[in-house]
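Q: Let me see the structure of the following:
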Amino acid sequence: EPASAASLAGLKKLRRAGVVDADERVVCLTTGHLLKDPEAAYEAGGDPEPVPNDVDAVVEHLRD
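A: Residues are numbered from 1 along each chain as shown. Predicted coordinates for the structure are as follows:
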């Protein structure tokens, strides 16, 4: 998702400007995700797989 690169681009710009030093720790947040574009999510993932509304069932599905 292209918007997720905005924080990295901002960090690069701040590094070049000398605002952020090379030895500083920085956290870049990414807020973009494919679910904001349901059509692209569908194309990327194909047919959805139904999973019961239960934490254990979801965890088991992810393990498979």
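Q: can you tell me which residues contact the residue lying farthest from the centre of the chain?
A: Most distant residue from the mean C-alpha position of the chain: residue 18, 27.3 Å away (CA atoms, centre = their mean). By CB atoms under 8 Å, 6 or more residues apart in numbering, residue 18 lies in contact with nothing. For glycine as for every other residue, the C-beta is placed from the backbone atoms N, C-alpha and C.
Q: Report the secondary structure state of it.
A: Assigned with DSSP: H, G, I helix; E, B strand; the rest coil, residue 18 falls in the coil class.
Q: switch to numbering from 57
A: Happy to do that; since the first residue is 57 now, the last one works out to residue 74.
Q: For it, give its distance to residue 106.
A: Counting by CB to CB, to the nearest Å, the gap from residue 74 to residue 106 is 53 Å.
Q: What of residue 68?
A: For residue 68, the distance to residue 106 equals 42 Å [CB to CB].
Q: which one of these two has more residues nearby?
A: The neighbour comparison of residue 68 against residue 106 (other CB atoms under 10 Å) goes to residue 68, with 12 against 7.
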